[in-house]
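Chemist: Give the three-dimensional model of this entry:
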Amino acid sequence: MCSINDDCGGQELMKGYQDLDTDDAKCRKCNENNATIKLRGKDNYCNECFLLSATHKFRATLGKSKLVRPKDKVLVGYSGTAGSVALLNLIRAGMHESVHKRLVFESKVIYIDDGMLKKQDLAQRQAFIDQVRTQIKSLGFPGYVTSLSECFNADSDVNVYKLDNYNCEDNDDLNNLFDQLTNDTAKQDLLKKLRYRLIASAAKKLECGKVFLGDDATNLAVDILSNVAVGRGAQLAVDVGFVDDRFKNLMILRPMRDFTRVELDHYLNIHGLKTLDTAKVTKSSDPFASIQQLTEDFILDLESQFTGTVSTVFRTGDKVCASKQSHNDNKSNDEICVICNALMDTRSLDDATAIKATLFSRFISTQGIKSIVDVNVDDNYSEKSNCDNCQGDCFNSKDLTLQQLRKFLCYGCKLIFNYSFDCKKLPPHITNKLREIICMQDMREQIKDFLL
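Modeler: Below is the predicted model:
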C-alpha cells in the first residue's frame with residue numbers, strides 16, 4: 001500500500017551475520033577470491049554475482065506466475081522502505097535490458113501520506129513529501145500521492161494527485177477514528193486495512209490492473225505469526241501470498257517476497273540507494289506495545305541467532321497459503337467482510353466452532369453463570385446484551401450500531417473494535433456498504449415467501 005510494513009530492524013539483522021574474510025572467501029558463483037557479501041553459511045558472493053542473483057530472483061518470481069503481461073499498467077506502492085526502493089530500482093533496470101529480457105509493462109508509483117497520524121505538523125509532512133518526490137524522480141517514474149484521509153471518500157471519489165501538485169492538509173476525522181481504538185494492535189491492524197483499500201481505489205483511479213508491493217520475506221514472516229495471533233489465520237492466502245485478489249478486477253502482487261532484509265540492505269548499499277524514515281504510526285520503544293511489534297522483535301532476535309528462522313516461518317506459511325484460494329467474484333456482499341474485503345470466516349454450518357466458544361466464554365465472564373438460561377447461542381448474542389433499547393432488533397434504527405457492524409466483520413476485524421466504539425466515526429464507504437447489505441437482507445426476508 002505502499003508497503004504496509006516498515007523496514008525497521010534491518011541493521012539489527014545485519015549484526016547476526018559474521019563479517020566476511022575476503023582473503024579466504026570465494027564467490028560461490030564465479031569461484032573467484034573477490035567475494036564481499038556473506039548471507040548465510042557459505043553463501044559468499046561478489047557484488048556482480050549478487051546483483052545478478054537478485055535480478056534473477058525478482059524476474060523469476062514474476063515470470064513463474066505468468067500474471068504480468070506486456071502493456072499491463074502497474075501501480076507500485078512506495079513507502080521509502082528497503083523493499084519499495086529496491087523494487088523500483090529492479091523495475092527500472094529491467095526496462096533497460098536487452099529486447100528479449102526487457103520489462104515492457106507501464107509503471108506508476110503511488111505514495112500514501114499518513115503523516116497526520118504520526119502527529120507531524122504540515123511543514124514536516126511537506127518536507128517528507130519533497131524527499132519522496134526527489135527519490136521517485138531520481139528513479140525515473142511518474143509519481144502520485146494520496147492522503148490516508150481519502151479513505152473517508154467513496155472509492156470513485158478518491159483524490160490522487162501528481163507529486164508536484166500535492167499540498168498536505170489536516171483531517172480530524174482520521175484522528176478521531178484512531179482515537180476510538182484502545183490499543184496499538186488494533187490501530188496497526190486497521191491502518192493496514194485502510195491503506196490496502198486506498199491503494200486499490202487509487203489503482204482503479206489510475207486505470208491500473210495490477211499493484212506491486214515491496215513486502216519482503218522478513219515482513220511476511222512477521223505477518224504470518226502476527227496474523228495467526230490476531231485471529232487472521234484464515235486470511236493468510238491473501239495477506240502474505242504472492243497474489244491478493246480480494247478486490248474485484250485488481251491483483252495485488254508481492255514480487256519482493258523472496259528477498260530477506262539482509263539481502264535488500266546489501267542491494268541498496270551496492271547501488272548507493274537510501275531508505276526514508278518511515279517509522280510505523282504506532283511504533284513504540286516498548287516491545288510489548290502491540291502484537292505486531294512483539295512478533296517483529298521476536299523474529300528479528302531469533303533470526304540474528306539462527307539464520308534460518310525467517311526462511312522456515314515464511315516457507316511454512318507459504319505452504320498454508322498454497323492450500324487456500326481467495327476468489328470473491330462469486331460471493332455475495334454479505335459473505336465478504338466490510339472492512340478488509342476478505343471472505344467471512346465467522347459462519348459455519350457446524351454449531352461447535354472456536355469462534356462461538358470464544359463468544360460464549362466472553363458472555364459468561366461479563367454476564368455471569370446465571371445468564372446462560374434461555375440464551376440463544378449464536379454469533380450475535382454477546383453483542384445483544386450491549387445494545388440499548390432495541391429489543392434485539394435494531395436493523396431498522398436510523399443510526400448503525402456496533403451489533404450491526406460486527407455481524408458483517410470477519411473474526412480479525414471484530415477484534416479491532418471494542419464494545420464502546422462509536423460507529424459514526426467509521427469512513428462512509430464502510431457504513432454505506434453496511435447499510436446496503438442490511439437493506440438487501442431485509443428485502444430478501446420480506447419477499448422470500450413470494451419467491452419460487
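
Chemist: list the buried ones in stretch 297-306?
Modeler: Neighbour counts over stretch 297-306 (16 or more other CB atoms under 10 Å) mark Ile299, Leu300, Asp301, Leu302, Glu303, Ser304 as buried. To be clear about C-beta, it is placed using only N, CA and C from the backbone, and glycine gets the same treatment.

Chemist: And stretch 120-132, what's buried?
Modeler: Gln120, Arg125, Phe128, Ile129, Val132.

Chemist: Give me the subset of those residues lying in helices.
Modeler: Arg125, Phe128, Ile129, Val132 (DSSP state H).

Chemist: got CSV for the buried residues of stretch 297-306, with pLDDT and distance to Ile136 too?
Modeler: Formatted as CSV, these follow (pLDDT from 0 to 100; distance: CB to CB, whole Å):
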residue, pLDDT, distance to Ile136
Ile299, 94, 30
Leu300, 92, 28
Asp301, 92, 34
Leu302, 92, 35
Glu303, 90, 30
Ser304, 88, 32
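
Chemist: Throw those into a markdown table and include distance to Arg59 and secondary structure, thanks.
Modeler: What follows is these, written out as a markdown table (distance: CB to CB, whole Å; DSSP: H, G, I helix; E, B strand; the rest coil):
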| residue | distance to Arg59 | secondary structure |
| --- | --- | --- |
| Ile299 | 27 | helix |
| Leu300 | 28 | helix |
| Asp301 | 33 | helix |
| Leu302 | 31 | helix |
| Glu303 | 26 | helix |
| Ser304 | 30 | helix |
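
Chemist: so who does the closest residue to Leu302 other than its chain neighbours touch?
Modeler: Of all residues not flanking Leu302 in the chain, Thr309 sits nearest, at 4.5 Å (CB to CB, 6 or more residues apart in numbering). Going by CB atoms under 8 Å, 6 or more residues apart in numbering, Thr309 touches Ala221, Ile299, Leu302, Glu303.

Chemist: Kindly recompute the last result at 7 Å.
Modeler: When contacts are counted by CB atoms under 7 Å, 6 or more residues apart in numbering, Thr309 is found next to Ile299, Leu302, Glu303.

Chemist: nearest to Gly412, of these?
Modeler: Ile299 (19.7 Å; CB to CB).

Chemist: can you pull the pLDDT of Asp21?
Modeler: Turning to Asp21, the model gives it a pLDDT of 50.

Chemist: Quick one: low-confidence residue ranges for the stretch 1-150 of the chain.
Modeler: Residues of the stretch 1-150 of the chain meeting the criterion pLDDT under 70: 1-24, 33, 98-100.

Chemist: Can you show me the helices along it?
Modeler: 10-15, 47-65, 82-94, 122-138 (DSSP state H, counting those that start in this stretch).

Chemist: what's the answer for the stretch 151-300 of the chain, then?
Modeler: Here the stretch 151-300 of the chain has its helices, by DSSP H, counting those that start in this stretch, at 172-179, 184-205, 217-229, 236-240, 261-271, 291-305.

Chemist: With distance to Asp43 added, can I get the ones you listed in TSV?
Modeler: Shown next, in TSV, are those (distance: least, CB to CB, whole Å):
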stretch	distance to Asp43
helix 172-179	43
helix 184-205	32
helix 217-229	15
helix 236-240	24
helix 261-271	10
helix 291-305	15
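
Chemist: And for the nearest residue to Asp244 once chain neighbours are set aside, the neighbour number?
Modeler: Nearest non-adjacent residue to Asp244, counting by CB to CB, 6+ apart: Ile252, 3.9 Å away. When neighbours are defined as other CB atoms under 10 Å, Ile252 has 24 of them.

Chemist: show me what contacts Ile252?
Modeler: Here Ile252 is in contact with Val211, Leu213, Asp244 (CB under 7 Å, 6+ apart).

Chemist: Which one of the helices of the stretch 151-300 of the chain lies nearest to Arg406?
Modeler: Per CB to CB, nearest to Arg406 of these: helix 184-205, 13.8 Å.

Chemist: Go through the closest one and flag the buried ones.
Modeler: Quick answer for helix 184-205 (16+ other CB under 10 Å): 184-205.

Chemist: Please report the distance of the residue nearest to Leu302 from Asp216.
Modeler: Going from Thr309 to Asp216 by CB to CB, to the nearest Å gives 14 Å.

Chemist: so Thr182 touches Phe417, yeah?
Modeler: No. Between Thr182 and Phe417 there is no contact under CB atoms under 7 Å: 9.3 Å.

Chemist: Sketch out the low-pLDDT regions of the stretch 201-350 of the chain for me.
Modeler: 277-285, 321-333, 346-350.

Chemist: Surely Leu220 touches Gly241?
Modeler: No. Between Leu220 and Gly241 there is no contact under CB under 7 Å: 9.0 Å.

Chemist: Could you check which of these two has the larger neighbour count?
Modeler: The residue with more neighbours, out of Leu220 and Gly241, is Leu220; 26 against 23, by other CB under 10 Å.

Chemist: Report how many residues lie close to the closest residue to Gln131 other than its chain neighbours.
Modeler: Leaving aside its chain neighbours, Gln131 sits nearest to Leu276 (5.8 Å; criterion: CB to CB, 6+ apart). Neighbours of Leu276 under the rule other CB under 10 Å: 17.

Chemist: just to revisit the earlier point, with distance to Val338 as extra columns, can I get the helices of the stretch 1-150 of the chain in TSV?
Modeler: Converted to TSV, the helices of the stretch 1-150 of the chain look like this (distance: least, CB to CB, whole Å):
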stretch	distance to Val338
helix 10-15	36
helix 47-65	29
helix 82-94	28
helix 122-138	30
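
Chemist: among those helices, which is nearest Arg257?
Modeler: So among those, helix 47-65 is nearest, using CB to CB, at 6.8 Å.

Chemist: can you map out the strands along the stretch 301-450 of the chain?
Modeler: In the stretch 301-450 of the chain, no strands are defined using DSSP state E, counting those that start in this stretch.

Chemist: still on that earlier bit, could you dump the contacts of Thr309 into JSON lines with distance to Ile447 added?
Modeler: Formatted as JSON lines, these follow (distance: CB to CB, whole Å):
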{"residue": "Ile299", "distance to Ile447": "52"}
{"residue": "Leu302", "distance to Ile447": "57"}
{"residue": "Glu303", "distance to Ile447": "58"}
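
Chemist: Closest one of the residues you listed to Thr401?
Modeler: Ile299 (38.7 Å).

Chemist: From Ala86, how far out is that closest one?
Modeler: 20 Å.

Chemist: For Glu97, find the nearest of the helices of the stretch 151-300 of the chain.
Modeler: helix 261-271 (16.1 Å).

Chemist: Check which residues of the closest one are buried.
Modeler: So, applying 16+ other CB under 10 Å, buried residues of helix 261-271: Arg261, Val262, Glu263, Leu264, Asp265, His266, Tyr267, Leu268.

Chemist: okay, now Asp155: neighbour count?
Modeler: Neighbours around Asp155, by other CB under 10 Å: 16.
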